[in-house]
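Got a sequence here, can you build the structure:
(one chain, ligands or ions: 2)
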Amino acid sequence: MLKIAVLVSGGGSNLQSIIDMADEIGCSIELVVADRGCYGLERAAEHGIEGVLLDRKVYKKNLSEMLDEVLRDRVDLIVLAGFLSILDENITNRWKGRIINIHPSLLPKFGGPGMYGMNIHRAVVEAGERESGCTVHYVDAGVDTGEIIFQERVEVKPNDTPEDLQKRVLTLEHRLLPQAIKNIAMAH
Ligand SMILES: Nc1nc2c(c(=O)[nH]1)N[C@@H](CN(C=O)c1ccc(C(=O)N[C@@H](CCC(=O)O)C(=O)O)cc1)CN2
Ligand SMILES: NCC(=O)N[C@@H]1O[C@H](COP(=O)([O-])[O-])[C@@H](O)[C@H]1O
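Ligands and ions are numbered 1, 2, ... in the order given. The predicted model follows:
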């Protein structure tokens, strides 16, 4: 059984897809860690999963120490699921090859600092892209520069709003992230 921690900052729909598929994936969600108050923590509580809120006033200076304290050797894999804080190289080096992230674009396009959430879908629509999608990748010290594990494409329709595109990509994410974790669990 692969033990995982899921890091969230928002609504937690990707966390929910992992919760719903945990048995099929072969993983145990040991804890959910948030960098701010968010519905993702509510979802954890609703499912009896330990939730930890990192106090932004404290961790801003030492997120590495806070995460190390919380995670220690409790898990095999860290999953960033809508987590909006950039992890520093202390963490990414210590957890090299054991942190994955879901990003709602076809990296390397529309990645990097500032590219998160609706900002991405707005940029894709404004750029007149004919396709978009999502990427699961390993996390390194760069932003969205880690080795790609999976990518899947969706069509961008002519009259799509950013909200239309977000909805279509999110459906894909809810399938791709659990699949990536399942593959890692099978190889564990
Ligand atoms: N070392 C890494 N840390 C993180 C990565 C990564 O690839 N390497 N991925 C992000 C998730 N992410 C894209 O997938 C991402 C998240 C947030 C941002 C961003 O610009 N954030 C803002 C702050 C936003 C906020 O706190 O509301 C910022 O840093 O100014 C870009 C990409 C998770 N961590
Ligand atoms: N760059 C990181 C990023 O933009 N992540 C995105 O935030 C959303 C979180 O939704 P959720 O909280 O409902 O899972 C998801 O679309 C995820 O890909």
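
any idea where the strands of the chain begin and end?
Counting by DSSP state E, one finds strands in the chain at the ranges 2-8, 27-34, 50-53, 77-80, 99-103, 131-138, 148-155.

chain center to the third one: distance?
Yep, that's strand 50-53 we're talking about. Mean-position distance between strand 50-53 and its chain equals 16 Å (Cα atoms, centre = their mean, to the nearest Å).

With the fourth one instead?
Centroid separation for strand 77-80 versus its chain: 7 Å, with Cα atoms, centre = their mean.

phi, psi of the residue found closest to Gly82 once you drop the neighbours it is linked to in the chain?
Excluding its sequence neighbours, the residue lying closest to Gly82 (Cβ to Cβ, 6 or more residues apart in numbering) is Gly10, at 4.6 Å. Quick note: C-beta positions are derived from backbone N, CA and C, even for glycine. Here is the backbone geometry of Gly10 (degrees, to the nearest 10): phi -140, psi -140.

I'd like the strands of the chain written out as CSV, with mean pLDDT, distance to ligand 2 and mean neighbour count added.
Below are these laid out as CSV (pLDDT from 0 to 100; distance: least, Cβ to the nearest ligand atom, whole Å; neighbours: other Cβ atoms under 10 Å):
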stretch, mean pLDDT, distance to ligand 2, mean neighbour count
strand 2-8, 98, 6, 24
strand 27-34, 98, 10, 21
strand 50-53, 96, 14, 16
strand 77-80, 98, 8, 23
strand 99-103, 98, 5, 23
strand 131-138, 98, 6, 22
strand 148-155, 98, 12, 15
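
Out of the ones you listed, flag the one nearest Asn119.
Of all these, it is strand 99-103 that lies closest to Asn119, at 11.9 Å by Cβ to Cβ.

Any idea how far the closest one is from the middle of the chain?
Put simply, strand 99-103 sits 5 Å off its chain's centre (Cα atoms, centre = their mean).

how long is stretch 39-54 from one end to the other?
15 Å (Cα to Cα, to the nearest Å).

low-scoring pLDDT stretches of this protein, where are they?
Residue ranges of the chain with pLDDT under 70: 59-61.

What separation is there between the residue nearest to Gly82 and Leu80?
12 Å (Cβ to Cβ, to the nearest Å).

repeat for Ile4
11 Å.

What are the phi and psi values at Ala81?
The phi and psi values for Ala81, taken as degrees, to the nearest 10, are phi -120, psi 80.

rewinding a little: please work out how many residues are found near the residue nearest to Gly82.
18 (other Cβ atoms under 10 Å).

correct me, but it touches Gly37?
No - between Gly10 and Gly37 there is no contact under Cβ atoms under 8 Å: 10.6 Å.

Now do the same contact list for the nearest residue to Pro108 once chain neighbours are set aside.
Nearest residue to Pro108 in three dimensions, chain neighbours excluded: Asp144, at 7.2 Å (Cβ to Cβ, 6+ apart). Contact analysis of Asp144 by Cβ atoms under 8 Å, 6 or more residues apart in numbering lists 101, 103, 107-108, 111-112, 115, 135, 137.
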